[in-house]
Each structure stands twice: as structure tokens, then as C-alpha cells.
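1. predicted model and sequence follow; I will ask about them next.
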Amino acid sequence: MIILSIKKILTSDEVINMRTAGNVLSEEHVHILKVVGALQREHDKVERGAAIDEPFFYKAIDFIRSYADHFHHAKEEGILFRELNNKPTFPHGPVKVMLHEHEIGREYTRNMEAALKANDRKALLASAAGYAGLLAQHIHKENTILFPMSDQALEGKIQESMLKEFTEVEKKFTGIAGYLTMAKEFETRR
Ligand SMILES: [Fe+2]
Ligand SMILES: [Fe+2]
């Protein structure tokens with residue numbers, strides 16, 4: 001009985017030992033979370049009365065717009081979510097929620113930039129905390145719910161073709177190395 005059930009798992013899951021779109025996107029989350037952590041710490045400093053470190057915030061906004069949104073969210077929306085939406089049996093709710101949260105993140109980012117330009121501490125604090133809180137829980141949901149669901153729902157062939165499309169996106173996106181260095185620097189920034 002036990003042998004039979006193990007055999008079933010090994011043969012039914014084509015994705016075993018294979019990288020999935022969810023694996024790649026989860027690895028990108030590690031870099032995004034480094035910047036989210038730095039943003040939260042900087043927010044806390046400003047809240048305690050520190051001067052606004054404008055270059056830090058502009059750098060964070062650039063990372064958020066370029067790496068987190070233009071690169072990472074574009075892969076999710078244009079490739080993974082597309083495949084999930086093509087699957088008639090996959091529930092539409094989780095993808096809808098993720099798309100909505102991407103939109104809210106863009107709005108927080110616009111507000112953060114506007115607050116910096118207006119030197120509006122209150123609005124800067126609200127948008128920075130809003131973005132950091134949103135992204136932390138958004139990433140947690142993707143890592144623990146959506147990606148495991150997508151690993152189950154999308155078979156090996158689709159995973160392979162998504163990974164190929166990811167590679168194409170990666171080739172076109174210049175500056176990955178620079179953004180990863182920035183994330184690393186932000187991780188240790190206190
Ligand atoms: Fe996302
Ligand atoms: Fe994500």
C-alpha cells in the first residue's frame with residue numbers, strides 16, 4: 001500500500017526535479033524583500049524624526065518600478081497568470097487578487113514619489129509603510145498559496161514553455177545585475 005502510494009506520487013507529478021515558474025518567481029521575491037525591508041526600516045527612521053534621505057527613496061522607487069514591477073510583475077502577469085487563466089479548472093479569484101494588489105502597489109509608488117517631490121513627510125510615511133506592508137503579505141501569499149497551486153495545476157510542458165519565455169524577458173531586461181547589487185546593499189543598510 002505504502003509502496004503503491006509513493007509510486008503514484010513519483011509518476012503523477014511531472015514537475016518533480018524540475019524548475020517551475022513559481023520557483024523562479026520565488027527566487028526574485030528574495031531580492032524584492034531585501035528592498036521592502038530597507039524601505040520599512042527607513043520609514044521607521046523618518047517616523048522617529050530622521051531627515052528624509054531622498055536619494056535612498058528615489059533608488060527604492062527605481063528598483064520597485066524597474067525590477068519589482070516592470071520585470072517581476074510583468075513575468076507574473078504576462079506569463080504565469082496568463083497560463084493560469086487559460087486553465088478552465090483553475091479558480092480565477094487568487095489571480096484577480098494578485099492583479100489588484102499589483103495595482104495598489106503602483107499607486108503607493110506614485111504617492112511615494114509625489115510625497116518626495118512635495119517634501120510631505122506624512123504622505124511619504126503612509127505610502128512607504130503601505131507599500132512595504134502590501135508587498136510583504138503579497139509575496140507571502142504568492143510563495144505559500146499561489147505558486148504551489150500553479151505548480152500543481154500547470155503540467156511540465158507548460159512549465160518548460162513559461163521558463164523559456166522567462167529567459168526571453170531576462171535577456172531583454174538590461175540592468176538585472178545592478179538591481180541585484182542594489183538589493184544586496186539595501187539588505188545591510190541600517
Ligand atoms: Fe505578484
Ligand atoms: Fe511576485
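-> Looks like it came in fine. Residues are numbered from 1 along each chain as shown. Ligands and ions are numbered 1, 2, ... in the order given.
2. neighbours of the residue lying closest to P148 once chain neighbours are set aside, how many?
-> Nearest residue to P148, sequence neighbours excluded (C-beta to C-beta, 6 or more residues apart in numbering): G22, at 7.1 Å. Using the backbone N, CA and C atoms, a C-beta is placed for each residue, glycine as well. G22 has 23 neighbours, counted by other C-beta atoms under 10 Å.
3. what helix or strand does G22 sit in?
-> If you go by DSSP states H and E, G22 is part of helix 21-47.
4. spatially central residue for the protein, please.
-> H29 (4.9 Å; C-alpha atoms, centre = their mean).
5. element containing T89, please.
-> Here T89 is assigned to no helix or strand, by DSSP H and E.
6. check which residues of stretch 74-88 are buried.
-> 75-76, 79-81, 83-84 (16 or more other C-beta atoms under 10 Å).
7. these: which ones sit near ligand 1?
-> Among the buried residues of stretch 74-88, the ones lying near ligand 1 by C-beta under 5 Å from the ion are E76.
8. enumerate every residue touching the residue nearest to P148.
-> Contacts of G22 were listed using C-beta atoms under 8 Å, 6 or more residues apart in numbering, and they are 80, 146-148, 150-151.
9. just the ones of these in helices?
-> Judged by DSSP state H, the subset of these located in helices is 147-148, 150-151.
10. which one of those sits closest to ligand 1?
-> Distance to ligand 1 across these (C-beta to the ion) is lowest for F147, with 9.9 Å.
11. burial count for the closest one?
-> 21.
12. that one contacts S26, doesn't it?
-> Yes - between F147 and S26 there is a contact at 6.1 Å, judged by C-beta atoms under 8 Å.
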